[in-house]
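1. what's the 3D shape of this:
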Amino acid sequence: RLKKELELVKTDAKKQDAYADAINELAATYFFDKGLAFHESSDLKNAIDSYNRSIKMNPRYAMPYYNRGVAYYEIGNNQQAIKDYDRAIELDPQYANAYNNRGIAYSGLGNKQQAIKDYDKAIKLNPQDAVAYCNRGRAYYEVGDKQQAIKDYDKAIELNPQYVNAYINRGSTYYLMGNKQEAIKNFDLLIKLNPQDTVAYFERGNIYYTLGNKPQAIKDFDKVIELNRQDAKAYYSRGIVYSELGNTQQAIKDFDKAIEIDPQDSKAYYNRGIAYYELGDKQLAIKDYDKAIERNQQDTFAYVNRGI
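-> Predicted coordinates:
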């Protein structure tokens, strides 16, 4: 009889353990879902707290580590993000997104080579992941391998023809490689894809400006401003072009607007100072050089022009 009673106790203990595991699993899922809700509302502090509680209830659940890593990355803690991605990968070695995001965190710390290795692994696990190709392309660009960067952007666009960031990165890379015509074609494609994309118009306008096509540059900056009246850079860039075309009054209006939107832009004050000087108003020019120097004490040109 004693033997039977001992066996019953053992059986009950196993049932209790299974019951406890089930309760912990439910609690882990509850806190994970709660963390997701906080995360989606950008309440990262409470999101992290909820992921912590989920992990406490079930330390073998990879997703809370992954999502907590995302939250830590979003608050700028790349080191802690990497630790969480490490743990998520340890629990689930096939977790492609964890490799991708760990690559992003390593890149943020300046470790581009390790980032590339993680993107390689993410792509190996999920060859259809356009984001991983785009991220790897960015990393290759940052280590100086622009040709490989272009190949990765091409692949990202092949996998996702609507991938705006891949077009932007590819266009910028072509431009920095000196292939301005190919860069323009790239931004043409992006504008056709999304006629409301202000970045595409702005980048294309800058390229036209460097090619000496100032009227087309103005058209592109006009379009940016039409789409976004608060784009200080577009007003500033258009002001530069108008200044070089001799339309000083219009240039001043654009610098005025750029300064209204971004009062800390030393370049806008500096160039407006030049425009005032060209109109013969040296007092206003000096005031603008003063303001440029206040905002950027390393602006040697402002010092020189103010001395003149």
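
2. gap between the closest residue to D288 other than its chain neighbours and E244?
-> Among residues not flanking D288 along the chain, G273 sits closest, at 3.3 Å (C-beta to C-beta, 6 or more residues apart in numbering). Every C-beta, even on glycine, is put in place using the N, C-alpha and C of the backbone. Using C-beta to C-beta, to the nearest Å, we find G273 at a distance of 16 Å from E244.

3. Can you pick out the residue with more neighbours from those two?
-> A direct count of neighbours by other C-beta atoms under 10 Å for G273 and E244 places G273 higher, at 26 against 12.

4. mean confidence for the one helix or strand the more buried one maps to?
-> Here G273, judged by DSSP states H and E, is contained in helix 266-278. Helix 266-278 shows a mean pLDDT of 96.

5. and it, what does it pack onto?
-> helix 232-244, helix 248-261, helix 282-295, helix 300-307 (3 or more C-beta pairs under 8 Å, 6 or more residues apart in numbering; DSSP states H and E).

6. how about 6 Å then?
-> With contacts taken as 3 or more C-beta pairs under 6 Å, 6 or more residues apart in numbering; DSSP states H and E, helix 266-278 sits against helix 248-261, helix 282-295.

7. among these, which gets the worst mean confidence?
-> Mean pLDDT is lowest for helix 282-295 among these, at a mean of 94.

8. Quick check: which ranges of the chain have low pLDDT?
-> For the chain, applying pLDDT under 70 flags the ranges 1-24, 304, 306-308.

9. how about the nearest residue to F202, chain neighbours excluded?
-> V224 (5.0 Å).

10. Sticking with the one you found, tell me its helix or strand.
-> Residue-wise, V224 maps onto helix 214-227 under DSSP H and E.

11. swap in P93?
-> Using DSSP H and E, P93 maps to neither a helix nor a strand.

12. What's the local residue count around it?
-> Quick note: P93 (other C-beta under 10 Å) scores 12 neighbours.

13. Would you check how far apart it and K124 are?
-> Taking C-beta to C-beta, one finds P93 at 12 Å from K124.

14. what does L26 give?
-> Applying C-beta to C-beta to L26 and K124 gives a distance of 35 Å.

15. hang on, the earlier thing: buried stuff in the helix holding V224?
-> Within helix 214-227, the residues that count as buried by 16 or more other C-beta atoms under 10 Å are K214, Q216, A217, I218, D220, F221, K223, V224, I225.
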